[in-house]
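Novice: fold the following for me, if possible:
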Amino acid sequence: MRLSILSTTVVSATLPAAALRVPLTYDAIYDQGERSLSEVACWNPKVPGLFPDYDDWLLQRNIPIGILAIPNITGWDHPDCISCWMVTWEEGATTRMLLAIDGSKEGFVTSLRSMNSLTDGQAKDFNPLEPLEVNASRVSLQNCGFAPGDVRKEISDEL
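Specialist: Modelled structure (predicted):
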């Protein structure tokens, strides 16, 4: 199966109740299209591809939406693996949807490309000592371009 056309429009039925205020930094490793997804925390060695029904997702470039690493993801069976996050930079009044597939040591981490998209090209103006502060909310996978029911895992997550 393939993703439906990506949209940054939030599905109204899945608006988040509350946002977390988190630091966001970038790591150029998430810009490496040829990097194997077997290197991310959400890689399940029991299935081909990043997760069932998406067995053609083998490299980072196969993911058509921005990649996100978050601190609480520790392995492929973590409930936040393959979760969609609405990340908003208030100063720039910009929101992007990012797909959490990896763990981080501290704060949220994305690609330079995704952070530049969020900050209108200002990603390099932020650093670990003065990271970009964003609001982040976990939202339905539909917001990251998945059709309802595409990912069997989402059904159990939302019960």
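Novice: hey, let's count contacts and neighbours off CA atoms from now on
Specialist: Fine.
Novice: closest to the centroid, which residue in this structure?
Specialist: residue 99 (2.0 Å; Cα atoms, centre = their mean).
Novice: quick check: that residue touching residue 87?
Specialist: No. In this structure, residue 99 is not within contact of residue 87 by Cα atoms under 8 Å, at 10.4 Å.
Novice: looking at this, residue 72 is in a helix?
Specialist: No. Residue 72: not assigned to a helix; according to DSSP: H, G, I helix; E, B strand; the rest coil it is coil.
Novice: how close does it get to residue 130?
Specialist: 22 Å (Cα to Cα, to the nearest Å).
Novice: higher neighbour count, the two?
Specialist: Higher neighbour count among residue 72 and residue 130: residue 72, with 17 against 11, using other Cα atoms under 10 Å.
Novice: pull the number of nearby residues for the nearest residue to that one once chain neighbours are set aside.
Specialist: Spatial nearest neighbour of residue 72, chain neighbours left out: residue 103 (6.5 Å); criterion: Cα to Cα, 6 or more residues apart in numbering. Counted with other Cα under 10 Å, residues neighbouring residue 103 total 24.
Novice: so what's residue 103 bridging to?
Specialist: Taking DSSP bridges, one finds residue 70 as the beta-bridge partners of residue 103.
Novice: list the contacts for it?
Specialist: 40-41, 69-75 (Cα atoms under 8 Å, 6 or more residues apart in numbering).
Novice: in this structure, where's the longest helix?
Specialist: Longest helix in the chain by number of residues (criterion: DSSP state H): helix 112-119.
Novice: what is it packed up against?
Specialist: On a contact count with 3 or more Cα pairs under 8 Å, 6 or more residues apart in numbering; DSSP states H and E, helix 112-119 meets strand 20-26, strand 83-89, strand 94-103.
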